[in-house]
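J.: I would like the atomic coordinates for the input below:
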Amino acid sequence: MSKKRILIDGFNLGLETGTGVATYARNLSFCARDLGYDVNVLYNVREAPGIHTLLKEIAFFDPYVGTPPAWLVWLRQLRQLLSSPYGVSARKVPITGRVITTTYNSRLPYYDTIWNSPDVFGRAERLFYLSSFLFPTRLRVKLPHHQPHLAHWTYPLPIYVPGAKNIYTLHDLVPLRLPYTTLDDKRRYFHMTRLLARRADHIVTVSETSKRDLINLLGVREDRVTNTYQAVEIPAKYANKPEDVVQREIEGTFNVRYKEYFLFFGAIEPKKNVGRLIEGYLGSKVDTPLLIVGKLAWKSEQEMRLVNDDATSYLEQLGSQTFRRRRVFHVDYAPFPLLVSLIRGAKAVLFPSLYEGFGLPVLEAMKLGTPVLTSNDGALKEVAGDNALLVDPYDTRAIAEGIAELDRNAELRADLSARGKRRADLFSPEAYQIKIGELYKRVLAQGTLKAALVGLPPKPMDALVDPSPAAVPALVETLGPPERIAATSAEGPQNERFEDRSE
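T.: Numbering: from 1, shown residues only. Predicted structure coming up:
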């Protein structure tokens, strides 16, 4: 029996430094492999400058492969123009092993086949934007001669594969819940997520907090959204690295002492609450330095405004020599193996984020036995339970008191370390695989409405227009009594019917 094919988008997998969504997509690809699916991944990198298979393979890993000849550019543009009204077709990327990809091992998902359609995600966004004023539309994508049974989009993208079950993971609704913390066009985001909520075969999310938001803000029916949580898994070769090796890595690379620094890791943006974290840290008056690892993002200068020599450093005299000691360090990026060592070597991880869909950094720290300070509300509280030190993320005094308590109380740190490990074990790959396996089976088992009515493969519309007496009870059970059918029809927007035809 042949494997069922699943398609996963590579929207975030192409980002060089990685994101939480990239981790989610990567873990999902390996989970699908372990469940026995044929795994396909769709990217949107530029096309090769030629038709030779080696150039196509090189172009996938290196955007500087060269400029295609004018005739090839013209031909591709013509093909795109002619095919746009009918969607786009992806092409297989020949991964032969001729290009050495060891550098990318930690970022690549599992795949049986890699597909590429240049700028497909950008084209989907533009199509939605242009059509949103009249009839919001998703971009259709086809995989020639390789039709997937299920497409799992790991990010809210206005895109779908015709003939497949299309499910979308909405990690959170931050642009709607904390609109002032993101650069998203809120109107467009709202209409796009509502479109996906209506048109998806199912919605997936990663916490009960996000599930409630989807129900309350977008009106998704509870039976159409599933919370699978996320898995936390750190390769043993990094998690079990000898402590003396971890200590040498940290002290040699960052000039901080093993178990003598606090750590924050994540993007420097308003949602992460780094500004209040720094303010609380400085107010705690602890000597233990704070190391911040993360790229500067939107409004980062506002979040990092207190990081200056006057506020975050002091003079220390040793004998006849005077040194300037820094209290707050910032590093743009640490590769994953080094980041794991940083988490293991920290006195505690500080993550008082304002809002998260899940909060993977909290669980990663717990998994590695590092005590955590985090927020006392939303998904972070849901994930951490009472196994972290919880504080009000808007209260800098509470953050300062929590940091001071973690700094001086070795017994508390040991207790949180032990309990955190047990908590993280609940979010194991095995538990996650069970949830994803059940979800996929349920979605794939959903036949068309006509098939459900008569218990047979789909037939022409006369099965609905003039159903047989035997089909009537099933019709009523599926759609509900006549008055509910009428109410539902009256609520639906007119462009929903148009979209059914256009897609």
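
J.: just the pLDDT for the closest residue to T182 other than its chain neighbours.
T.: Sequence neighbours aside, P175 is the residue nearest to T182 in space, at 4.8 Å (criterion: C-beta to C-beta, 6 or more residues apart in numbering). Backbone N, C-alpha and C define where each C-beta goes, glycine included. You'll see P175 listed with a pLDDT of 95.

J.: so who does P175 touch?
T.: Taking C-beta atoms under 8 Å, 6 or more residues apart in numbering as the contact definition, P175 lies against 182, 184, 186, 189-190.

J.: would you map the strands across the stretch 51-200 of the chain?
T.: Counting by DSSP state E, counting those that start in this stretch, the stretch 51-200 of the chain has these strands, from start to end: 88-89, 91-92, 113-116, 139-142, 150-153, 159-160, 165-169.

J.: can I get these in TSV with mean pLDDT, mean neighbour count and distance to G10?
T.: TSV is the format used below for the strands of the stretch 51-200 of the chain (pLDDT from 0 to 100; neighbours: other C-beta atoms under 10 Å; distance: least, C-beta to C-beta, whole Å):
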stretch	mean pLDDT	mean neighbour count	distance to G10
strand 88-89	88	18	15
strand 91-92	88	16	14
strand 113-116	93	21	8
strand 139-142	93	21	12
strand 150-153	98	25	11
strand 159-160	96	26	12
strand 165-169	98	22	14
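
J.: right, and L157 touches A124 too?
T.: Yes - assessed by C-beta atoms under 8 Å, L157 is found in contact with A124 at 5.8 Å.

J.: quick one, domains of this protein?
T.: Domain ranges of the chain: 5-227, 236-427, 454-502, per automatic domain parsing.

J.: how far off centre is the second one?
T.: Right, the one you point to is domain 236-427. Relative to its parent chain, domain 236-427 has a centroid offset of 22 Å by C-alpha atoms, centre = their mean, to the nearest Å.

J.: what's the average pLDDT for that domain?
T.: Mean pLDDT, domain 236-427: 90.

J.: OK, contacts around A346?
T.: So A346 contacts 259, 261-263, 291, 365, 370 (C-beta under 8 Å, 6+ apart).

J.: enumerate the positions of stretch 187-205 that are buried.
T.: Under the neighbour-count criterion of 16 or more other C-beta atoms under 10 Å, stretch 187-205 has 188-205 buried.

J.: do the same with stretch 88-105
T.: Buried residues in stretch 88-105 (16+ other C-beta under 10 Å): 88, 90, 92-93, 95.

J.: with only the CA atoms kept, save that stretch in CSV.
T.: The C-alpha trace of stretch 88-105 is given here as CSV (Å, rounded to 0.1, in the frame of the first residue of the first chain):
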residue,chain,number,x,y,z
VAL,A,88,0.8,28.1,-10.0
SER,A,89,2.6,24.8,-10.4
ALA,A,90,5.6,23.8,-8.3
ARG,A,91,8.6,22.0,-9.6
LYS,A,92,10.7,19.3,-8.0
VAL,A,93,14.1,20.4,-6.7
PRO,A,94,16.7,17.7,-7.6
ILE,A,95,18.5,16.9,-4.3
THR,A,96,21.2,14.5,-5.4
GLY,A,97,23.8,14.9,-2.8
ARG,A,98,26.2,16.6,-5.2
VAL,A,99,25.9,19.8,-3.1
ILE,A,100,27.4,19.4,0.4
THR,A,101,24.6,20.4,2.8
THR,A,102,26.1,19.6,6.2
THR,A,103,25.9,23.3,7.1
TYR,A,104,22.2,23.2,6.8
ASN,A,105,21.5,20.0,8.7
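
J.: quick one: contacts of that stretch?
T.: 42-43, 53-54, 56-58, 60-61, 80, 83, 108, 111, 113-117, 120, 123, 139-144, 146.

J.: contacts only, for G437.
T.: Shown in contact with G437 (C-beta under 8 Å, 6+ apart): L35.

J.: could you look up the SS state of it?
T.: helix (DSSP: H, G, I helix; E, B strand; the rest coil).

J.: cool, and V220?
T.: Following three-state DSSP, we place V220 in the coil state.

J.: now for it, how many residues are close by?
T.: 23 (other C-beta atoms under 10 Å).

J.: need the helices for the stretch 201-350 of the chain, in chain order.
T.: 208-218, 236-239, 243-254, 274-284, 300-303, 309-312, 336-345 (DSSP state H, counting those that start in this stretch).

J.: give the buried residues for the last one.
T.: For helix 336-345, the buried set under the neighbour-count rule, 16+ other C-beta under 10 Å, comprises 338-345.

J.: tilt between that helix and helix 243-254?
T.: Angle, helix 336-345 to helix 243-254, by axes from the mean of the first three to the mean of the last three C-alpha atoms, to 10 degrees: 110 degrees.

J.: cool, thanks, talk later.
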